[in-house]
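Student: give me a 3D structure for the following:
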Amino acid sequence: MPHTQHARPMYIRLLSGPTTTLGLFLSHSTSCSPPPPPPAKGIDRMGTSVQVTPLSGAYGEGPLCYLLAVDGFRFLLDCGWTDLCDPSHLQPLAKVAPTIDAVLLSHADIMHLGALPYAMKHLGLSAPVYATEPVFRLGILTLYDYFISQRQVSDFDLFTLDDIDAAFQNVVRLKYSQNHLLNDKGEGIVIAPHVAGHDLGGTVWKITKDGEDVVYAVDFNHRKERHLNGTALGSFVRPAVLITDAYNALNNHVYKRQQDQDFIDALVKVLTGGGSVLLPIDTAGRGAGDGMDSMLDEGSARLLLDSTPSKGAGDGMDSMLDEGSARLLLDSTPSKVISNEMTVQVKCSLAYMDFEGRSDGRSVKSVIAHVAPLKLVLVHGSAEATEHLKMHCSKNSDLHVYAPQIEETIDVTSDLCAYKVQLSEKLMSNVISKKLGEHEIAWVDAEVGKADDKLTLLPPSSTPAAHKSVLVGDLKLADFKQFLANKGLQVEFAGGALRCGEYITLRKIGDAGQKGSTGSQQIVIEGPLCEDYYKIRELLYSQFYLL
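Tutor: Down below sits the predicted model:
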């Protein structure tokens, strides 16, 4: 059966010389072999320039803040800070803040946006900020809560509530999967937020330029939870660059159902024994208390939720005791202090259960293998975790893997072999296009010429040879199984193949032989030439577009 390919918008790869007939199928391609000839004088080769510089959160679990340059347009990916709010930690950011063109926020917590008000007030950051609606609203609440907590215990003056309002006043709020086209200096760049799955509004950012994708995906969760869908990262295929974290590379979770049951059992055991439970949660984001309505009924006031994670305010600072209060003067009649020694039996225990909602190491490795980026950049993880994931990806795939240090700039510019060309009106007047989803596809036979110092595709001077038929589409055997069942055929899966009736079997194979591959695919029909064979083949052809 002819090859099938996935249709996507593309920039045309020139696979022949400037005077040779060229057959083009307008679809997405990730290979460029054989390499094109050197461009003619005055004609620029196309390729998106990409550089990544960690400003914080590299080879460590510190706050996340990264500089991404795409053809000279400078993105600030997150603007995190620690709960200690030490301005010295922001020195790398201070060097580049005035040059930032846009800020992309991924999550609504201090580690991802805590430094935003300070950077805008003191460091000269004035770029537009992009975030989802939940990150916008929850981010404000998080910073409000943090500021108020700090003011209760110190003369906190690094930023004010007005500074928080000013920082979020001009945030551009986007919906999931909404493509936003930048203008001026960022002309031609499209940004889009996608579901991260870690918390409300959590975002995986996709930045597209000239048909190439740069994906920023940190703190994502592939699992669907009670109130959150899993990440959309798995739907991306072969981006030019994937920037992701190694935070959980060394951790493997137990199954969610078992984890939930262990959690509930631990709570019930303590509460029924007359004890109390203290649960740490985020101010605006995730918390182990999500979905625990059954526990918060009448009589379970001993289940306490603490939303102050900072060690510089609240109980974290007081250490559960008001230290030094015995030295304070009592406003009463003189009294005599009598001291006695007594033994206090501490009846408490500490239990750790991971409800952060991040994919574990096993899942992160699987997602990376599925997405199969051309180049992988690892950030935000301990040195041990970063090196472990880097070694795993280098050993088990052909990825180009990078793990930069703080303030180390790496060049991950695409090796795309492509040139910008213009399609002549004379050529396109004879092209028959077929609509496929939001796009139109066509097979074009043309010659590469030159007009006004630009590469131009012209009609061929001689009749081109017939090209091999191409079937365009993305067939999932599970969907085709249901389609055949609706047609009254008996179908079932057996050994990774689709068994149709008594004699016919369908198998789907790909050139790359791995999940996430975007190479051409083949669907093999096995069986004798009988009535069922021709019927199933006809139904199979109906699922594709023929060029």
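
Student: quick one: His198 is in a helix?
Tutor: No - applying DSSP: H, G, I helix; E, B strand; the rest coil, one finds His198 to be coil, outside a helix.

Student: tell me where the stretch 51-200 of the chain has helices.
Tutor: Ranges of helices within the stretch 51-200 of the chain are 91-96, 110-113, 116-122, 133-153, 161-169, based on DSSP state H, counting those that start in this stretch.

Student: count of neighbours near Lys209?
Tutor: Applying other C-beta atoms under 10 Å, we find 22 other residues in the vicinity of Lys209. All C-beta atoms are positioned from the backbone trio N, CA, C, and that covers glycine.

Student: who's it bridged to?
Tutor: Beta bridges link Lys209 to Ile189, Glu212 when assigned by DSSP bridges.

Student: that one and Glu187 touch, don't they?
Tutor: No - in this structure, Lys209 is not within contact of Glu187 by C-beta atoms under 8 Å, at 9.9 Å.

Student: how long is stretch 128-136 end to end?
Tutor: End-to-end span of stretch 128-136 (C-alpha to C-alpha, to the nearest Å): 13 Å.

Student: check stretch 123-138 too.
Tutor: End-to-end for stretch 123-138, by C-alpha to C-alpha: 24 Å.

Student: quick one: buried residues of that stretch?
Tutor: For stretch 123-138, burial by neighbour count (16 or more other C-beta atoms under 10 Å) applies to 123, 125, 127, 129-132, 134-138.

Student: pLDDT on the helix or strand where Phe263 lies, on average?
Tutor: Using DSSP states H and E, Phe263 falls within helix 256-272. For helix 256-272, the mean per-residue pLDDT is 81.

Student: same check on stretch 539-547?
Tutor: Stretch 539-547 comes out at a mean pLDDT of 79.

Student: same check, this time on stretch 232-245
Tutor: pLDDT averaged over stretch 232-245 gives 91.

Student: how about it, which residues are buried there?
Tutor: 232-233, 236-245.

Student: filter those residues down to just the ones in helices.
Tutor: Judged by DSSP state H, helices contain none of the buried residues of stretch 232-245.

Student: neighbours of the closest residue to Phe75 other than its chain neighbours, how many?
Tutor: The shortest distance from Phe75 to any residue other than its chain neighbours is 4.3 Å, reached at Leu68 (C-beta to C-beta, 6 or more residues apart in numbering). By other C-beta under 10 Å, the residues close to Leu68 number 23.

Student: for Asp109, same thing?
Tutor: Asp109 has 27 neighbouring residues, counting by other C-beta under 10 Å.

Student: quick one: contacts for the residue nearest to Phe75?
Tutor: 50-53, 74-77, 207, 214, 216, 243 (C-beta atoms under 8 Å, 6 or more residues apart in numbering).

Student: switch the cut-off to 10 Å
Tutor: 50-53, 74-77, 102, 104, 205, 207, 214, 216, 241, 243, 377, 412 (C-beta atoms under 10 Å, 6 or more residues apart in numbering).

Student: just the buried subset of the residues you listed, please.
Tutor: 50-53, 74-77, 102, 104, 205, 207, 214, 216, 241, 243, 377, 412.

Student: and the helix or strand hosting Leu540, what does it pack against?
Tutor: Using DSSP H and E, Leu540 sits in helix 531-541. With contacts defined as 3 or more C-beta pairs under 10 Å, 6 or more residues apart in numbering; DSSP states H and E, helix 531-541 has these neighbours: helix 477-486, strand 497-500, strand 504-510, strand 521-526.

Student: tell me the bridge partners for the nearest residue to His380 once chain neighbours are set aside.
Tutor: Distance criterion C-beta to C-beta, 6+ apart; nearest residue to His380, sequence neighbours excluded, is Asp245 at 3.8 Å. Here Asp245 sits in beta bridges with Val379, going by DSSP bridges.

Student: ditto for Glu447
Tutor: If you apply DSSP bridges, the partners that Glu447 bridges to are Thr21, Leu458.

Student: my guess is it contacts Ser462. True?
Tutor: Yes - taking contacts as C-beta atoms under 10 Å, Glu447 lies within contact range of Ser462: 9.2 Å.

Student: more neighbours: the two, which one.
Tutor: Shown here are Glu447 and Ser462; by other C-beta under 10 Å, Glu447 has more neighbours (19 against 7).

Student: per-residue confidence at that one?
Tutor: At Glu447, pLDDT is 81.

Student: give me the low-pLDDT residue ranges for this structure?
Tutor: 1-47, 254, 282-301, 307-333, 416-418, 436-438, 510-521, 547 (pLDDT under 70).

Student: pop the domain breakdown of it in here.
Tutor: 9-46+416-461, 50-252+357-411, 475-546 (automatic domain parsing).

Student: out of the ones you listed, which one sits most buried?
Tutor: Across the domains of the chain, the average number of neighbours (mean count of other C-beta atoms under 10 Å) peaks for domain 50-252+357-411, which reaches a mean of 20.

Student: please name the residues that touch the closest residue in space to Arg74 that isn't next to it in sequence.
Tutor: In space, and not counting its chain neighbours, Arg74 is closest to Asp101: 4.9 Å by C-beta to C-beta, 6+ apart. Neighbouring residues of Asp101 by C-beta under 10 Å, 6+ apart: 69-70, 72-76, 127-128, 182, 184-186, 189.

Student: what does stretch 536-543 contact?
Tutor: So stretch 536-543 is contacted by 1-2, 4, 471, 473-476, 479-480, 483-484, 487, 489, 491, 498, 500-501, 503-506, 523, 525, 527, 529-530 (C-beta under 10 Å, 6+ apart).

Student: using PDB, write out the CA atom coordinates for it.
Tutor: Extracted in PDB, the C-alpha atoms of stretch 536-543 (Å, rounded to 0.1, in the frame of the first residue of the first chain):
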ATOM      1  CA  ILE A 536     -11.600  -3.700   3.300                       C
ATOM      2  CA  ARG A 537      -9.000  -2.100   1.000                       C
ATOM      3  CA  GLU A 538     -11.700   0.100  -0.400                       C
ATOM      4  CA  LEU A 539     -12.800   1.100   3.100                       C
ATOM      5  CA  LEU A 540      -9.200   1.800   4.000                       C
ATOM      6  CA  TYR A 541      -8.600   4.000   1.000                       C
ATOM      7  CA  SER A 542     -11.700   6.000   2.000                       C
ATOM      8  CA  GLN A 543      -9.900   7.200   5.200                       C
END
